[in-house]
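Student: Model the structure of this input:
(2 chains)
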Amino acid sequence: MSPALPDGEPVPDDGALPAWVGGSGAPRTDRRFGVYLHVPFCSVRCGYCDFNTYTAAELGGGASQAAYAETALREIDLADRVLRTAGLPPREVSTVFVGGGTPTLLPADDLARMLDGVRTTWGLAHDAEVTTEANPDSVTPATLHRLAEAGFTRVSFGMQSAVPHVLATLERTHDPRRIPDVVSWARDAGLAVSLDLIYGTPGESVEDWRTSLETALATSVDHVSAYALVVEPGTRMAAQVRRGELALPSDDDQAVKYELADELLTAAGLGWYEVSNWARTPADRCRHNLAYWRGDDWWGVGPGAHSYVSAHASVPQGEPQDVPLEVPDAKPDAMPDEAPVGVRWWNVKHPRRYASLLESGHSPAAGREQLTADEGHLERVMLGVRLREGLDLRLLTPQGRRAVAGLVASGLLDGRAAVTGRAVLTLRGRLLADTVVRDLTDA
Amino acid sequence: MSPIPTAPLSARIQPAATPPELLRNFCIIAHIDHGKSTLADRMLQLTGVVDERAARAQYLDRMDIERERGITIKSQAVRMPWAVADPDGVDVPYALNMIDTPGHVDFTYEVSRSLAACEGAVLLVDAAQGIEAQTLANLYLAMENELAIIPVLNKIDLPAAQPEKYAEEIAGLVGGDPADVLKVSGKTGAGVTELLDRIVDVVPAPVGDADAPARAMIFDSVYDTYRGVVTYVRVVDGNLNPREKIVMMSTRATHELLEIGVTSPEPIRTKGLGVGEVGYLITGVKDVRQSKVGDTVTNAAKPAEIALGGYSDPKPMVFSGLYPIDGSDYPVLRDALDKLKLNDAALNYEPETSVALGFGFRVGFLGLLHLEIVRERLEREFDLALISTAPNVVYDVTLEDGTIVTVTNPSEFPGGKIKEVREPMVKATVLAPSEFIGAIMELCQTKRGTLGGMDYLSEERVEMRYTLPLAEIVFDFFDQLKSRTRGYASLDYETSGDQVADLVKVDILLQGEQVDAFSAIVHKDKAYSYGVMMTGKLKELIPRQQFEVPIQAAVGARVIARETIRAIRKDVLAKCYGGDISRKRKLLEKQKEGKKRMKTIGRVDVPQEAFIAALTSEAAGSSGGKDAKDAKKR
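Tutor: Here you go, the predicted structure:
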């Protein structure tokens, strides 16, 4: 969760959703529903990190860390109440993702209690994907077994790099030599495993990056996320760059490293399915994250967490050729322009304020935005085009469709996919996705 | 006795009935900031024309811009009564007409017409600063017109004043004894009474033939929203009366005199204006072009045969493209120019289209100050955001076949075989402390100047006379002069014919497409440095595109400088999860908004801001503007 909350309109004290949610433009009951649980604690804050997380010291004693699971359960209760009041029938939860922060800084039992709260409130689908992020430092075989017992199915390790000087620049404290161990412990516990990597750290050479990729692949992991380092304003790293202590990562360098990542991961049998994500088989993809990109509904629990309820139908999962085209949902004639197409809200950032609002029976939401048709359309294109399955061209405006030929000609969109009616990024296009989105949404 | 005439005395100096021997027409020649307006205010008070409480500071400067900048753009005339005892001790009333003069080089022609309306001039010099180049130029003009000169040092109340030193300098310039230089303070009023007495004493009474056909010279013409054009005239012969028909001798246009009067300082209708008198006319015309400065007004029933001399049409010397930053403001700009034109006979413009900047106008100005003032009025009074291209002069290009092409826009410079190019020249005067002689010579040399002569005004101050191409002055001459002389030098120039020069047009090409707004006509020896500067600047300003973009500077087909904008490789944000979506969407919305404001040159998208930055940064366009501002401050 990024540090600066968006500007938005206020949310009622009780967290009530806008009236249209239960009205005629109501979300379909067959929409999938996911839950994000934010754990806002870390033992150390990394210099590049702008996520909403706090060390014990920052919170002055850390008492709230022990009480956090309890507080999160309160929000789950509130969520249930708010969705019911809006007139939405209860839905089974298809995916749960526990992120942070460092979720594994909490005792595994606390994570289990939070997951139980989700299960008893809404029910978990029989094939639900339940992921937690984890720091390679903060897991043992025992904790991983406990998590699997509790119903977790997947763990995503923040590996970042295999190169000590790169980890040092990132201020990551874990020992990269632990990676093969933690991956095999997780597998032994029956958990699917993903590794998160960061490229473009100041001082990282292309060879350093190759080492990190090869180290990750040596574990035979089935899922890798690779993110370009972004120096976010307000972070310690941004100050270091400003003072000239670190060089700003260059887009060109990151492009070279992205191409290397795609080359090595593909060669190892991991195919891209989103701009920054590679998986061995469709079953290895992260369904929770796919839900964000496909515009499903989700409730984000925790300080600074965002939630979303759409008026659109879910995009069915599956391979492109299996995806039925949803013409009635196309933006130009979907609904009058004034009608919102979704609502997104976000919680207050600070854990203490968050906890005190919930304790006094109030919604922790700090603000929300009701998406106009244009905004919803832009998001849909922006998120959909990031996916390997691409975007149904019929969802575009006529002007947007006219831009397709030019984008194919400039090598940004795949020509064969365009012929079959989908906008799918080429390798070059994945790096220039913003250009593609701008062109596809030209008014 | 009071120097303000009593009622019986005032009766002898009524407008239309004042004998010429009781009239004194004078102007004040001064540099900006030397206190002319404050002195004029003090005179209005002492003569009882404005009482102290009613006196607005600097009453004569009407327009806001003038008031803010402390400069006078448009001249006006004020009639003031003053009584002086004759040798027998008998009070004699006089009507003093003070004609205000513009103080800048761009308005030399208007100054010359103001001077032609007077018999005397007060040479006003700041006692702490000494005479400046523009004042010197106007002084020479006044002396050529045989005006009586009254040298005056102002601001003697200032601690930094050095009246003795500068009295000597002035006496050296006008001839006479330093002891005769009056010392006044417009601020405290010290010496101003003596100055008024001196004006009566020294300035000759006007001489004219009261029975001849009327001839009056227009020395100013101002558009007023309520009254139409107000024309200020000095009657030379005969007289003008209400309700009669008058003729403008340059155009032969006839107008009815709806109103005639004097300003004191508010307009007062009179029964007419007689020989030697100064006043205003209203004929109902709506455009100052129908009432041109320097023209002669005569009576339609009994017209004069020969016009007064000295009339000429204002000729634009400097051109610049003016474009609205928001293209939809084009009609607003057009209407605004049409309105300003009503009050500015020297302003002329034609629609122009630029690939880079869209629709705008090529506007001709008298000089850089004129450009700056017009631009500022457009921005302020009409709320327009404008971009102006680098100012350029007018070139006469003779082709091999003898055809002559007049070029006011560099992008129109003809290609192909050129026999010769002529550029306008100026005679420039630089006044500076003598320690800077070397620095000034060096600068003028790099600006293709030729030294015409040099004189010492005093032991420490020197006057240097150069002939320079006007184009070099409109580029960055004034900034350079200021920085090389620590701000001490002052500059004046007047046009002085033209010369053949080795000039070329440098084009700037973006991916092979010419960007018209950046074409410049420069001396052959400077083409390379212009090309390097402009390509380098654009490389920094134009965002990377999907493909490599070469930026070239070329003279004809020959490329003289080249930069390359490398293709962009990555623009996507790698991570985009639930909490990033709103932020990311807003970022894209902003980018899309920015893209709408982009101009496409060939296939290259260029933000308008890049053009603006390239045109307004140090070395290019705005230096002209700064010249003008500095010029006014000095």
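Student: which secondary element of chain A has the worst mean pLDDT?
Tutor: In chain A, no helix or strand scores lower on mean pLDDT, DSSP states H and E than helix A:331-334, which sits at a mean of 44.
Student: Count residues in the vicinity of residue 10, would you?
Tutor: Going with chain A. Using other C-beta atoms under 10 Å in any protein chain shown, A:P10 is surrounded by 9 other residues. C-beta: built from backbone N, CA, C; applies to glycine.
Student: hm, I was asking about chain B
Tutor: With other C-beta under 10 Å as criterion, B:S10 counts 14.
Student: That one contacts B:P81, doesn't it?
Tutor: Yes: B:S10 is within contact range of B:P81, at 6.1 Å (criterion: C-beta atoms under 8 Å).
Student: Quick check: pLDDT value at the residue of chain B found nearest chain A.
Tutor: Per C-beta to the nearest C-beta, B:R569 is where chain B lies closest to chain A, at 3.5 Å. Among the per-residue scores, B:R569 shows a pLDDT of 92.
Student: how close does it get to B:I13?
Tutor: Distance from B:R569 to B:I13, counting by C-beta to C-beta, to the nearest Å: 84 Å.
Student: cool, B:N145 as well?
Tutor: If you go by C-beta to C-beta, the gap between B:N145 and B:I13 works out to 25 Å.
Student: swap in B:E609?
Tutor: 61 Å.
Student: okay, the two: which has more neighbours?
Tutor: Comparing B:E609 with B:I13 by other C-beta under 10 Å, the one with more neighbours is B:I13, at 21 against 14.
Student: Would you confirm that the more buried one contacts B:E21?
Tutor: No: using C-beta under 8 Å, B:I13 makes no contact with B:E21, being 10.8 Å away.
Student: hey, where'd the helices end up in the stretch 51-200 of chain A?
Tutor: Secondary structure of the stretch 51-200 of chain A (DSSP state H, counting those that start in this stretch): helices at A:63-85, A:108-122, A:141-150, A:164-170, A:179-188.
Student: What strand or helix carries the closest residue to B:C576 other than its chain neighbours?
Tutor: For B:C576, ignoring the flanking residues on the chain, the nearest one in space by C-beta to C-beta, 6 or more residues apart in numbering or on different chains is B:K584 at 5.6 Å. B:K584 is located in helix B:581-596, with elements delineated by DSSP states H and E.
Student: Output that helix as PDB, nothing but the C-alphas.
Tutor: Output of helix B:581-596 as PDB, limited to C-alpha atoms (Å, rounded to 0.1, in the frame of the first residue of the first chain):
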ATOM      1  CA  ILE B 581      -4.600   1.400  -9.000                       C
ATOM      2  CA  SER B 582      -6.000   4.800  -8.200                       C
ATOM      3  CA  ARG B 583      -2.600   6.400  -8.100                       C
ATOM      4  CA  LYS B 584      -1.600   4.800 -11.400                       C
ATOM      5  CA  ARG B 585      -4.800   5.700 -13.100                       C
ATOM      6  CA  LYS B 586      -4.400   9.300 -12.000                       C
ATOM      7  CA  LEU B 587      -0.900   9.300 -13.400                       C
ATOM      8  CA  LEU B 588      -2.100   8.100 -16.700                       C
ATOM      9  CA  GLU B 589      -4.900  10.700 -16.800                       C
ATOM     10  CA  LYS B 590      -2.300  13.400 -16.200                       C
ATOM     11  CA  GLN B 591      -0.100  12.000 -19.000                       C
ATOM     12  CA  LYS B 592      -3.100  11.900 -21.300                       C
ATOM     13  CA  GLU B 593      -3.900  15.500 -20.500                       C
ATOM     14  CA  GLY B 594      -0.300  16.400 -21.200                       C
ATOM     15  CA  LYS B 595      -0.400  14.600 -24.500                       C
ATOM     16  CA  LYS B 596      -3.400  16.600 -25.600                       C
END
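Student: Packing partners of that helix?
Tutor: For helix B:581-596, the elements it packs on are strand A:306-310, strand A:342-347, helix A:373-384, helix A:433-440, judged by 3 or more C-beta pairs under 8 Å, 6 or more residues apart in numbering or on different chains; DSSP states H and E.
Student: Which single residue of chain A ends up nearest chain B?
Tutor: Chain A approaches chain B most closely through A:A255 (3.5 Å), counting by C-beta to the nearest C-beta.
Student: Am I right that that residue falls within a helix?
Tutor: Yes: read with DSSP: H, G, I helix; E, B strand; the rest coil, A:A255 is one of the residues of a helix.
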